[in-house]
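Undergrad: for reference, the sequence and a predicted model appear below.
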Amino acid sequence: MTIAVLGATGGQGGAVLAALRTAGRQVRAVVRDPAEARARALASAGVELAQADLADPDALAEAFDGVSAAFAVTTPFGAGLEAEKEQGVAIVDAAARAALPHLVMASVASADRNTGIPHFETKAHTEKILAASGLPSTVIAPTYFYDNAFGSLQEIAEGEMSMALPPDVPLQQVARANLGQVVAAVLDDPARWRGARIEVAGDAPTPAEMARMIGRAAGGQVAYRQIPLASVERANPDMGAMYAYLTEVGYAVDIPAVRAAFPSVPWISFADWAAEQSWPTPRA
């Protein structure tokens, strides 16, 4: 039976779509613009497309029509925080209208802990709406992604990696591919996971360890530089609040328990993930 995937051309949705297709599941990719290059690539690969904006409950309900389940992800990075809340409302409304058998909603780890981080709180808002709706659902809440390291490619080429975290503070994170595989496993056994909230992490290297692992994979040395938190807070209060939380509190995923709950997932460490990627050679 077909599974609808929202955000299918993005990082999380794309990972879920890939995992579902690997598992032999039929997928309906819900995209904003079917003419966009990534959407056309999916169509060329045989993926069914449905057009809908994340804030349009009518179009979303139509996209959900006839599917056995859906994966949904909201985002504040674009239209903003209030728009992300509207996306959550629209998705839940559309799922109710379509009598969707199962909705897997992406959130973020620690969103249920009153962190005060703006883009965590918007996801907490969606979680509350989803719980109140009574829809058959599962919340998947990933931590930081290994893949975020790709944002530092220019720095890595210069032999450096920087974050607004102390070098020795462990940072729980996960490969997007592993997140997609967890979602696929949940959708293989929806009755078991209905009503669950699953926080997902695969490893917890420190920033200094991340820099060393990337340097080793890149064939050179990458030094870690801590960005002053105050400068991030001035430039982007949302990101500043997140890094302050990760420094002072941190995610609290029970990684061994997650691995045990999903034994079919080929969990990958940060070091092994880094070794598989293509990095620029760091400047000596």
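TA: Good, I have the coordinates. Numbers count the residues shown, from 1 in each chain.

Undergrad: all contacts plus neighbour counts: C-alpha atoms, from now on.
TA: OK.

Undergrad: now do the helix or strand where residue 258 lies: everything it contacts.
TA: Residue 258 is part of helix 255-261, with elements assigned from DSSP states H and E. Residues outside helix 255-261 that contact it (CA atoms under 8 Å, 6 or more residues apart in numbering): 199, 200, 201, 202, 203, 265, 267.

Undergrad: from the chain's centre, how far out does that helix sit?
TA: 18 Å (CA atoms, centre = their mean, to the nearest Å).

Undergrad: name the helices or strands packed onto the helix or strand following that helix?
TA: Beyond helix 255-261 in the direction of the C-terminus, DSSP H and E gives the next helix or strand as helix 270-276. The elements that helix 270-276 packs onto, with contact taken as 3 or more CA pairs under 8 Å, 6 or more residues apart in numbering; DSSP states H and E, are helix 207-218.

Undergrad: helices or strands up against the helix it packs on?
TA: Against helix 207-218 (3+ CA pairs under 8 Å, 6+ apart) you get strand 160-163, strand 223-226, helix 270-276.

Undergrad: out of these, which is the most enclosed?
TA: Ranked by average neighbour count under the criterion mean count of other CA atoms under 10 Å, these are headed by strand 160-163 at a mean of 21.

Undergrad: name every strand pairing with it and say which way it goes.
TA: Partners of strand 160-163 in the sheet, by DSSP bridges, are strand 223-226 (parallel).

Undergrad: so residue 19 sits right up against residue 176, yeah?
TA: No. At 10.2 Å, residue 19 does not count as touching residue 176 under the criterion of CA atoms under 8 Å.

Undergrad: contact partners for the closest residue to residue 276 other than its chain neighbours?
TA: Excluding the flanking residues, the one nearest residue 276 by CA to CA, 6 or more residues apart in numbering is residue 217, at 7.9 Å. Going by CA under 8 Å, 6+ apart, residue 217 touches 274, 275, 276, 277, 279.

Undergrad: so residue 183 touches residue 140, yeah?
TA: Yes. Counting by CA under 8 Å, residue 183 touches residue 140, with 7.5 Å between them.

Undergrad: what touches both of these two?
TA: With CA under 8 Å, 6+ apart, residue 183 and residue 140 have common neighbours residue 104.

Undergrad: mind putting the helices and strands packed on helix 207-218 in a markdown table, mean pLDDT included?
TA: Formatted as a markdown table, these follow (pLDDT from 0 to 100):
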| stretch | mean pLDDT |
| --- | --- |
| strand 160-163 | 97 |
| strand 223-226 | 98 |
| helix 270-276 | 98 |
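
Undergrad: ok, which of these comes nearest residue 11?
TA: Closest approach to residue 11 among the helices and strands packed on helix 207-218 (CA to CA): helix 270-276, 15.9 Å.

Undergrad: what's the offset of the closest one from the middle of its chain?
TA: 18 Å.

Undergrad: what does that helix contact?
TA: Under the criterion CA under 8 Å, 6+ apart, residues 146, 174, 175, 203, 205, 210, 213, 214, 216, 217, 218 lie in contact with helix 270-276.

Undergrad: any idea how many residues pack against the first one?
TA: To tie it back to what came earlier, the one meant is residue 146. 22 (other CA atoms under 10 Å).

Undergrad: the third one too?
TA: The criterion is other CA under 10 Å. On that basis, residue 175 has 26 neighbouring residues.

Undergrad: not counting sequence-adjacent ones, nearest residue to it?
TA: residue 146 (5.2 Å).

Undergrad: for the one you found, what are its contacts?
TA: With CA under 8 Å, 6+ apart, residue 146 has these contacts: 173, 174, 175, 176, 270, 273.

Undergrad: now the residues you listed as CSV including distance to residue 25?
TA: Conversion of the contacts of residue 146 to CSV gives the following (distance: CA to CA, whole Å):
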residue, distance to residue 25
173, 27
174, 23
175, 21
176, 19
270, 28
273, 25
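
Undergrad: out of the residues you listed, the closest to residue 237 would be?
TA: The closest of the contacts of residue 146, once distances to residue 237 are taken by CA to CA, is residue 173, at 21.7 Å.

Undergrad: tell me how far that closest one lies from residue 242.
TA: Separation of residue 173 from residue 242 (CA to CA, to the nearest Å): 14 Å.

Undergrad: try residue 149
TA: Going from residue 149 to residue 242 by CA to CA gives 16 Å.

Undergrad: higher neighbour count, those two?
TA: Remark: of residue 149 and residue 242, residue 242 carries more neighbours, 20 against 16, as counted by other CA under 10 Å.
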